[in-house]
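A.B. asks: this one's sequence-less:
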């Protein structure tokens, strides 16, 4: 084993949590503090929707976004779904790390439950939440094509993502929720990183 091989270290670790993490194939194998940082970046991207929509072509703004912050387009609901999944699973990740550090040393069953819950949070946060974030941006960026591109999209049978929804979810609300949640996950990421370093030093 090379001294700098992190996977081998985890496989041979005394911690059942570390061993299970190393043996389980996952696209989301990063430490939890890193996952929280990545999720905060997704939320900051969603918080940028208001200034992005504010610079839409004038014709589209007049038609759908006379007051950008108060506008309640269908795409704002998709963005809200993204915020809920990313922020909610971020809290789930933080709970896993808090419990892991608090209950040390974990037994095999506790470790398995934590790894299972962490994997679920990662799949929902980066999978569902990431897809909803990507979908939001695909629809929003289409707005820079102006009314002509929107008309072409509608002609292909797509729904109008900028039409008002009946759900009352405004662009301003989504922006504020995303920004506050992103800052909260950044703080949690930093806090848990320090706690993990202190625990490793003990």
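C.D. replies: Sure, I can see it. Nothing here was measured: the structure is a model prediction, and the numbers come from that model.

A.B. asks: Could you use CA atoms for every contact and neighbour count after this?
C.D. replies: OK.

A.B. asks: and residue 21, that one's in a helix?
C.D. replies: Yes. Counting by DSSP: H, G, I helix; E, B strand; the rest coil, residue 21 falls inside a helix.

A.B. asks: From residue 29, how far off is it?
C.D. replies: Separation of residue 21 from residue 29 (CA to CA, to the nearest Å) stands at 7 Å.

A.B. asks: Mind checking which of those two has more residues around it?
C.D. replies: Set side by side, residue 21 and residue 29 show more neighbours around residue 21, with 24 against 14, by other CA atoms under 10 Å.

A.B. asks: Not counting its neighbours along the chain, what's nearest the more buried one?
C.D. replies: residue 115 (6.8 Å; CA to CA, 6 or more residues apart in numbering).

A.B. asks: give the contact list for the spatially most central residue of the chain.
C.D. replies: Geometric centre of the chain, nearest residue: residue 86, 3.2 Å, by CA atoms, centre = their mean. Contact analysis of residue 86 by CA atoms under 8 Å, 6 or more residues apart in numbering lists 39, 42, 43, 124, 125, 126, 129, 130.

A.B. asks: was I right about the third one contacting residue 184?
C.D. replies: So that's residue 43. No. Applying CA atoms under 8 Å as the test, residue 43 and residue 184 come out as separate, 10.3 Å apart.

A.B. asks: Between the two, which is the more surrounded one?
C.D. replies: residue 43 (30 against 16).

A.B. asks: any low-confidence regions in the chain?
C.D. replies: Low-confidence segments of the chain (pLDDT under 70): 1-15, 19, 22-28, 201-202.

A.B. asks: just to revisit the earlier point, and the residue nearest to the centre of the chain, that's in a helix?
C.D. replies: Yes. Looking at residue 86 with three-state DSSP, it is inside a helix.

A.B. asks: Kindly list the longest helix within the chain.
C.D. replies: helix 171-201 (DSSP state H).

A.B. asks: Just the buried positions in that one, please.
C.D. replies: 171-175, 177-179, 181-189, 192-193, 196 (16 or more other CA atoms under 10 Å).

A.B. asks: Now find how far off-centre it is within its chain.
C.D. replies: 11 Å (CA atoms, centre = their mean, to the nearest Å).

A.B. asks: Perfect, I'm done here.
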